[in-house]
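Novice: Sequence and predicted structure below; questions after.
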Amino acid sequence: MLKGKTALVTGSTSGIGLGIAKALAAQGANIVMNGFGDVEGPKAEILALGVKVGYHGADMSKPDEIAAMMAYAAEEFGRVDILVNNAGIQHVARIENFPAERWDAIIAINMSSAFHATRLALPAMQAAGWGRIINVASVHGLVASAEKSAYVTAKHGVVGLTKVTALENATTGVTCNAICPGWVLTPLVQKQVDAKAAALGLSNDEAKKLLLGEKEPSLQFTTPEELGALAVFFCSPAGNNVRGVAWNMDGGWAAQ
Ligand code: NAD
């Protein structure tokens, strides 16, 4: 379905970004990867799906590096047809104890990077008459939790940016939507499981059950594969008139 198209997925060396990149590649899309840590392992997983794969190591907190990444994608792949703004980090602390430097980093990586990549991707999508921008927000783009001030602020911002992007392009073939996962067992969440286990003297399994039980009525983690399938839907012809939604896949978290 996506053969000949190119998808740039930020933060695709791990977790949800890698899951979405693989789902898009399975539909034939070439992939531009981004993110830190091991690149070769995840790259091999995507290459195995028979598509072309590139990589740019831009730090998503730096607008000039985001511009270099978008220029690399245009040069190597012609243009970016699908942009998935996914890179993100977390820090958990009460506001009075929240390090100002962590606040700035979360706002830059989780929110402003989506604006910078979007503003640079839009002209080529508009010229082509087709494009998909998918922002990986969070259930925390819809509701709040204590001790996540920067994250909740950034994710609410991303949902707002999604709506404006969708409206400004509503008469074109360019759509923009947000995906709002609940708990997904990636390294980002494993850190929170570990912190809970250490603080309360629990096993890994007990801490996971507690985390789910506090927020997620299904008592199940959402998987990167399920989120990848939603991204594929947004890119399908059935998604042509889905514009500006913030679609939660959260086991009932936000329904409460
Ligand atoms: P993860 O830690 O597995 O992956 C994060 C990715 O972002 C990695 O590839 C990492 O290298 C990259 N990254 C981090 N900082 C970066 C930077 N400065 N520049 C470039 N890349 C950077 O985490 P994940 O859980 O897969 O998170 C992906 C997205 O999903 C994030 O935006 C996160 O907020 C969101 N999300 C996660 C959950 C969850 O439960 N895991 C729930 C809702 C939303």
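Specialist: That came in fine, so what should we check first? What you see is a predicted model; the values in this text were computed from it and never measured. Residues are numbered from 1 along each chain as shown.
Novice: Every contact and neighbour count from this point should use C-alpha atoms.
Specialist: Fine.
Novice: Quick one: name whatever helix or strand follows the longest helix along the chain.
Specialist: Ranked by residue count and defined by DSSP state H, the top helix of the chain is helix 149-168. Once the chain leaves helix 149-168, the next helix or strand it forms, by DSSP states H and E, is strand 174-181.
Novice: List of residues touching that following strand?
Specialist: Residues outside strand 174-181 that contact it (CA atoms under 8 Å, 6 or more residues apart in numbering): 125-126, 129-141, 158-159, 162-163, 165-166, 169, 222, 227, 230-231, 234, 240-250.
Novice: Then stretch 188-200?
Specialist: Against stretch 188-200 from outside (CA under 8 Å, 6+ apart): 89-90, 183, 202-204, 206-208, 211.
Novice: now do stretch 26-45
Specialist: 1-14, 18, 21-22, 24-25, 46, 49-59, 73, 87, 232.
Novice: got a pLDDT number for the nearest residue to Asn85 once chain neighbours are set aside?
Specialist: Excluding its sequence neighbours, the residue lying closest to Asn85 (CA to CA, 6 or more residues apart in numbering) is Asn135, at 4.8 Å. Note on Asn135: pLDDT of 99.
Novice: Now do the residue most central in space within the chain against Thr222, distance only.
Specialist: Against the mean C-alpha coordinate of the chain, by CA atoms, centre = their mean, the closest residue is Asn86 at 2.2 Å. Separation of Asn86 from Thr222 (CA to CA, to the nearest Å): 16 Å.
Novice: The contacts of strand 174-181 in strands, which ones?
Specialist: 131-136, 246-249 (DSSP state E).
Novice: Can you add neighbour count and distance to the ligand and give the residues you listed back as TSV?
Specialist: TSV is the format used below for these (neighbours: other CA atoms under 10 Å; distance: CA to the nearest ligand atom, whole Å):
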residue	neighbour count	distance to the ligand
Gly131	26	21
Arg132	26	17
Ile133	30	14
Ile134	25	11
Asn135	28	8
Val136	30	6
Ala246	25	12
Trp247	18	12
Asn248	22	9
Met249	22	9
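Novice: tell me the helices in the stretch 1-150 of the chain, going along the chain?
Specialist: 15-26, 40-47, 63-77, 100-106, 113-128, 149-168 (DSSP state H, counting those that start in this stretch).
Novice: still on that earlier bit, of the contacts of strand 174-181, select the buried ones using a ChimeraX command.
Specialist: A single ChimeraX command is used to select the members of the contacts of strand 174-181 judged buried by 16 or more other CA atoms under 10 Å:
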select :125,130,131,132,133,134,135,136,137,138,139,140,141,158,159,162,163,165,166,169,222,227,230,231,234,240,242,243,244,245,246,247,248,249,250
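Novice: Report the angle between the longest helix of the chain and helix 113-128.
Specialist: Going by axes from the mean of the first three to the mean of the last three CA atoms, to 10 degrees, helix 149-168 is angled at 10 degrees with respect to helix 113-128.
Novice: Please work out the average pLDDT along helix 149-168.
Specialist: 99.
Novice: Any residues of the protein in contact with the ligand? List them.
Specialist: Residues of the chain found near the ligand (CA under 6 Å from any ligand atom) are 11-17, 35-37, 58-61, 86-89, 109-110, 136-138, 181-189.
Novice: mind giving me the domain ranges of this protein?
Specialist: 6-184+223-255, 185-221 (automatic domain parsing).
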